[in-house]
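S.K.: this one's sequence-less:
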């Protein structure tokens, strides 16, 4: 019997088109993702083969989310078909066994819902076969057909996912006999997935995330977070412990649900009948109205539009808010928001204060999917409401204007959205209060509503209603809605259309900052809102005449109905709306396309490619270097205008006579260059301008130029526009305020594939490390790219009277002229030409330390951490001046800037630090060191590493700046922390390195040759230097650093490279440890230590611990291909008093030179745990096997 | 007050002729529209209510062109469709109140009185705050009748109103219709002959989209006078009789068929002449379709 039902279920589906449509859908998506770089499923592919096992696994995993829909389709159908066709009473009176029916249907649907995934394999195989033939993708980007990945993903991802989601959907459908409840089940699963994703944001929780993801997608990404290119090309998901654990867990949960629903499954009982019996109210009714005669009536029909509207609105509104679906969505939404608020870690395990704008961010992050569900689902419900209730003919026969109903449905959708948002706000406020945070900014909640939420409700509500009315087939309309919502933007991006006028509901970002409010995009956003709202009104006017009224439908009769309605005042209102929409549209168009222009990403690419082809040659033309600049900068924050006048001294430090100068101008700025030179020619398209010098510039001579540069903003733009000059918190880099001298190499396209598309040769990320004496290549440093060396800078900067303006160097004087405030700054020590100009309404906190002014400029709302920041500057200065050498500026400033970007950066004596982290991070519960201290220590360290010495532009450069700074920061931390606390910091650095190398798109290099790769110079570099000082002592490492610095401090070129540092380091390392320099700095080395056995025996008041330790060491090539190599290392073994691994009672260095060896230790007190490498200084991918618990075998 | 239908024709996309050159003139009072299922009654009703287009023909309610200006008709229309459902989670009172607003009664107090009055009329006043969805079929139908009476309809169209009503309810409904019937045009479409016999001074019989009879019920009955013969037979004999006689109808009485045949002269063979009923007219006009009705 089971097999009859089972095979019937399958045969039936194979005859219907649905299955084939699903297969085609997946095949098509995967095919596109394989043959083109613009279609992306689950992250870009990079250096990995486009059909690598890893890619197949990622595709299958990500598409499992879509697979939920297949599951709903098949399982819901399997469970409910008989009831919907009222066939249940017939089928359940046949002698069919309950189990055969139940499981036959279920497993049949299992097979069906998993079959569409064959599409993934078809798509990938087809893509890999066809793409090279048509030369869409070069053949070398494909590997062999990943057969193993196909069957393994099917077995490990597809089937378990279908089984689990199917059991839930099937169970719910059986229980409630409702399609809607099935959808709710699907939603539940997706929310589970999202929650497990929230967990993933902190590395403390990765294992929980790996276990709790019902799809296993995150399990796989945790499993492969450190996988290298080679591994991704060769290994797919496999039967590893973590994967199997997760799969078994969810299979078990699924089986539980399935059995539960089987036990409660009773074919005879129809639960909906039971519900019907429930009465609404139990009040004793009044039995008579007392009215015996028909009352007199005033029945009128003119001007009744709004009373109809209100009655329709009440009806539509109550139908939404009373529906189970709405309540369930609301509940889910709150759950999702709550997990976001509870688990939302920001950075290194620290949370920020629950500022209202953070809450608003969380809400807009959570609300999107629910808003879409509500608008799509209920638009269909409302449009079909009368028809589904079979009251349509009665309603249609009343003399109402259909448009009043449409408008009411629109407003009901808006009301539903508003309730959703309101619920979010209440939840968010409760979360704020629960954390003891009382500074609740209601205006931000309200502002978000009117700026973003309400317009979205209006626009997407109208759009969905429009689709429902025009399509006039409920499920097809749902499908089209989803297509429009998700695919329309993809289509626009494929067509390279970036105008927000075509991207439904879009406009400039109004991302809120405490410094700068809704920012420069506000005006534009308001106009775009007006544009889209008038558009949605127009949609409704178009849909109105086509609204369902006639019982018998058909194109002709709908058309004649529409013509019948579209007349009189309706026609006038439609025309007025059209005029409104067109005029707003024209104004928006004028502002965004005429007054302000922008380039699409394809246009930018092409422009850059052409620029390179045309002007690359000028890069080799001899050019003078900037040796001094004096600025007069006037900032007008309100008007968003900048006027710069710079006196620039250019010196010919080369050996040739220079007769011409070239500049690349930024077309946003008005630029005038004057001096003893004449404009020769100007290529406006690229902003490339050539000048002939009146007198050729001989070597050693210099020339003065005056450059006037003005930036103005008019009207509003398609996007938010530049955030460099804004109302409060302007931040201008020196590179931005002046035209680029000569050909701008930094503008060149970097991506290998993009370059190929435009016929450009691949570009090296960095010039190669010069191994012998470096002269010519070392004349250029990586900050200024040969345009300048050490530069003297003086600035007079003015801003509005309410603001402070900050320029590099020491503040010499300050005065006021009219409503302008002036400041004069001078750089006290000639530095790199790399700094910024900042202006804002700042509070200023300061203290003096050994003659240096420590200053923090911050927004009045953000004084939380200011004192700690000053402490951090002071601690850093103390350590660095003691170990590395003097500080050369008279001030050390931290300046807050709006959170349009999230970083901190070091300029000479000045460190801009984003509002988005640090200033609002909650450090109240932090004892000792924390990430804010670490970031400040890092930026302070740059005052030595990057600003006193600057490496040549070649491989290894950032080793001498970023790695040194990160190491210095760790050392400042270490001076106040114990090894256990340090281990927590190092953990993040190691994670950063291992993750980074896993997503490397070209090749990983040894630290010595790092090519500005963050994961190497921050992550690996800091760990290596830190480990080194653990091995040879901090004094030795610091001595190497300070003697290296002494040689190159503020020294004119040639600049140093990483080998110059090795020259200083090597003598400090004992010969016996020289191999470490090879393993750690010159090679890519990974370790793997495992404690296999550990036993503790008490003996005469002492405790003997014997261990079995396994040790492995691998050399990796640049693609991650590993080569085992014999171990011969000094490794520390540590014993913990407690099981929380907080207190080390004994550590001992041991030499390991065998893959497996026995070790015996004697302790004076019992230990709870033993660990190999307890400080985590070795780079290992798997660390949880480094620790073993010890039984306390003492007598008591 | 007069409703003039002329040459009304509608062909559905599946080539079914729902209305075939229908012409009728209907004045004040109750008008019965009789026909078997699928005769085109509902199509005609819907067309009159402005819920369906016609391919050709004209319908005028006094001066109102019903097909061109359905909105004007709706202002004076009371309509109970054949299929009448209700919104979930809404009480009887809320439903009628909503519909009263849509029918242009915007004075709140009047609306309240009207709705109460109508609920009283259909004997549901005590259940006014109960969810309509939970009502029995008959109660729902009564709500449907109440809503059709909202306002002062000049044209009341009721499509199969008595289906699902128990005899008591049906009686009450007939009284209600008779109340309003003197003032306005009431079109009652039904396949239940008794409804028409009890209520309608004028009637039409429809079959396959055509009007096959139009006139007073008595006239139609008298036209059959002396031609209807009746006999109770055995079930096995059915085929024989079907061959031999012009069968009007058959129904089972205690398990045995009672047949009516049409004949100008006495067919003998045990047949007994009976007074023709409207039912005989109905079956005769609709081509003696073999409809089995249990008595």
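M.R.: Perfect, thanks for sending it. The structure presented is a predicted model; accordingly, all values stated were derived computationally and were not measured.

S.K.: ok, then the element right after the least confident helix or strand in chain A by mean pLDDT?
M.R.: In chain A, no helix or strand scores lower on mean pLDDT, DSSP states H and E than helix A:271-276, which sits at a mean of 44. Note on helix A:271-276: by DSSP states H and E, the next helix or strand toward the C-terminus is helix A:305-321.

S.K.: now do the next helix or strand after that following helix against helix A:305-321, angle only.
M.R.: Helices and strands here follow DSSP H and E; after helix A:305-321, the next one along the chain is helix A:324-343. Angle of helix A:324-343 versus helix A:305-321, following axes from the mean of the first three to the mean of the last three Cα atoms, to 10 degrees, is 60 degrees.

S.K.: contact residues of the stretch 501-650 of chain A facing chain B?
M.R.: Contact residues (Cβ under 8 Å from any Cβ of the partner chain) of the stretch 501-650 of chain A with chain B: A:549-552, A:554, A:556-557, A:560-561, A:564. From N, CA and C alone the C-beta is placed, and that goes for glycine too.

S.K.: just the residues you listed: which are in helices?
M.R.: Among those, the members falling in helices (DSSP state H) are A:556-557, A:560-561, A:564.

S.K.: neighbour-wise, give me the winner out of these.
M.R.: Neighbour count (other Cβ atoms under 10 Å in any protein chain shown) singles out residue A:561 as the most crowded of those, with 21 neighbours.

S.K.: dump the residue contacts of it.
M.R.: Residue A:561 makes contacts with A:545-546, A:549-550, B:53, as judged by Cβ atoms under 8 Å, 6 or more residues apart in numbering or on different chains.

S.K.: wait, which of these is closest to residue A:783?
M.R.: residue A:546 (63.6 Å; Cβ to Cβ).

S.K.: measure how buried that closest one is and give me the count.
M.R.: 19.

S.K.: which residues touch it?
M.R.: Here residue A:546 is in contact with A:469-470, A:472, A:558, A:561-562 (Cβ under 8 Å, 6+ apart).

S.K.: assumed residue B:169 was part of a helix.
M.R.: Yes - under DSSP: H, G, I helix; E, B strand; the rest coil, residue B:169 sits within a helix.

S.K.: what's the pLDDT at it?
M.R.: Looking at residue B:169, its pLDDT stands at 81.

S.K.: not counting its neighbours along the chain, what's nearest it?
M.R.: Nearest non-adjacent residue to residue B:169, counting by Cβ to Cβ, 6 or more residues apart in numbering or on different chains: residue B:138, 5.2 Å away.

S.K.: is it true that that neighbour touches residue B:165?
M.R.: Yes - using Cβ atoms under 8 Å, residue B:138 is in contact with residue B:165, at 5.1 Å.

S.K.: circling back to that earlier point, most neighbours of all the contacts of residue A:546, which one?
M.R.: Ranking the contacts of residue A:546 using other Cβ under 10 Å puts residue A:469 first, with 23 neighbours.

S.K.: show me what contacts whichever residue of the stretch 1-150 of chain B sits closest to chain A?
M.R.: The stretch 1-150 of chain B approaches chain A most closely through residue B:85 (2.8 Å), counting by Cβ to the nearest Cβ. By Cβ under 8 Å, 6+ apart, the contact set of residue B:85 is A:389-391, B:140.
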